[in-house]
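Colleague: kindly return the folded structure for what I paste below:
(chains A and B)
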Amino acid sequence: MKKQFLVAIALTFATFVSNAATIELKVYGLVCGFCAQGIEKTLRKNPATADVVVSLEHQLVAVGTKDGTDIKDEELTKALTDAGYDVKGIARTERSIAEIRESLKAK
Amino acid sequence: MNLLRKSLACATALAVLSTPAIAKPIAFANGTTAMAEYGAGTMVEAQVFYAPKAFWSLGLGHTELDSNMLDRRREITYARVNYLVKRWNMKAAQANVFTWGGAGEAYNSDVDGHEFTWNAGAQVDYETRRIYSSLKADLFQSSNFSHRIDTLQLGVAPYKHDVDTVATWLVVQARRYTGEIHDGTEWALLLRLFKRGAWIEAGATTDGKLQAMAMVNF
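Modeller: Numbering: from 1, shown residues only, chains lettered A, B, ... in the order given. Take a look at the predicted model:
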């Protein structure tokens, strides 16, 4: 019984850490490709970053993290602020980076 | 001065009335900007800047001025620091105030010699993905010459570009030189294209001379 309980906890934890997170940021000041280039360059330096998508149209910066990793909101806000932009909101979403990319292409 | 006043009024009007692609001396933090411009036979310029932070950059520049009024030539090489004084990030727009200062050496054909030269300038700009405006004043001063180059650019994009599409801009440029380099205002119509870190623009002045610029950010 004790063994089964430990296995259950281990499985739950494994499921949790294997889920890569997607963080969507509402960012003001995005007006040209240079903005996107600078933001991508900055965010990709973070070892937890798996992928980055930027949409000028939607004032969106989406960061996909690697399995079992996360990036704190404060860390993302600082990175974007230091890059010269204003973060207006942060949300963790169920959408994957691939899904976000597809939805942006579809619009 | 008259052009400067009018330019300031136009830039201010645009900033107020519209929600504005601009060559900036600081592209992004940890980014390098390299640009080269051929200015209608009057000015040739090349600059490289590295930005440790988003609000300042440093680098080298070389500017050559050829007077079309007198037998006068300047070849100025300088080190320069650029500073972002203020940035306004809006929902779909951005406005900036930049200033810079530097020093170097210039060849002055008037005395057929080299001399110490100061450089100082400022730029205000405002852009959305459809409208663009910038006003730049760049001063080169030595003990024997003083040249200020004032450049106003107003642009419009026929469509809104995004990260993976090419941005297209039609730009009207007005430029004035002090110190008997060019008489009057030099007007030019330019086509600007850029995508991500690569930028190219070309056009002609009203007297049919080539005006062109290329820039890369990496």
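
Colleague: alongside chain B, which residues does chain A contribute?
Modeller: A:28-39, A:41-42, A:54-57, A:59, A:82-86 (Cβ under 8 Å from any Cβ of the partner chain). (Glycine included, C-beta is placed from N, CA and C.)

Colleague: now with 6 Å, please.
Modeller: A:28-29, A:31-34, A:36-38, A:54, A:56-57, A:83-86 (Cβ under 6 Å from any Cβ of the partner chain).

Colleague: looking at those residues, which has the most residues close by?
Modeller: residue A:31 (28 neighbours; other Cβ atoms under 10 Å in any protein chain shown).

Colleague: okay, and that residue sits in which element?
Modeller: Residue A:31 is part of no helix or strand when elements are defined by DSSP states H and E.

Colleague: what's the pLDDT at the residue in chain B positioned nearest to chain A?
Modeller: Residue of chain B nearest chain A, by Cβ to the nearest Cβ: residue B:28 (2.5 Å). In this model, residue B:28 is scored at 82, pLDDT.

Colleague: roughly how far apart are it and residue B:113?
Modeller: According to Cβ to Cβ, to the nearest Å, residue B:28 stands 40 Å off from residue B:113.

Colleague: dihedrals phi and psi, the residue of chain B closest to chain A?
Modeller: Main-chain torsions, residue B:28, degrees, to the nearest 10: phi -160, psi 160.

Colleague: which residue packs closest to it, ignoring adjacent ones?
Modeller: residue A:38 (2.5 Å; Cβ to Cβ, 6 or more residues apart in numbering or on different chains).

Colleague: report pLDDT for residue 49.
Modeller: This is for chain A. Taking residue A:49 on its own, its pLDDT is 96.

Colleague: that was the other one, I meant chain B.
Modeller: On the pLDDT scale, residue B:49 gets 96.

Colleague: residue B:130 too?
Modeller: 96.

Colleague: what's the burial count for the residue lying closest to residue B:73 once chain neighbours are set aside?
Modeller: Spatially, and ignoring its direct neighbours in sequence, residue B:73 is nearest to residue B:109 (4.1 Å; Cβ to Cβ, 6+ apart). Neighbourhood size, residue B:109 [other Cβ under 10 Å]: 16.

Colleague: surely residue B:109 touches residue B:75?
Modeller: No - if you go by Cβ atoms under 6 Å, residue B:109 and residue B:75 don't touch, sitting 8.6 Å apart.

Colleague: could you tell me which residues of chain B lie near chain A?
Modeller: So far as Cβ under 6 Å from any Cβ goes, chain B lies against chain A at B:21, B:27-29, B:31, B:54, B:89-91, B:94, B:127, B:129, B:162-163, B:195-197, B:217.

Colleague: the strands in chain B, which residues?
Modeller: Taking DSSP state E as the test, the strands found in chain B are B:31-39, B:43-53, B:56-66, B:73-89, B:94-108, B:113-127, B:131-141, B:146-156, B:167-177, B:186-195, B:198-205, B:210-217.

Colleague: I am finished for the moment; much appreciated.
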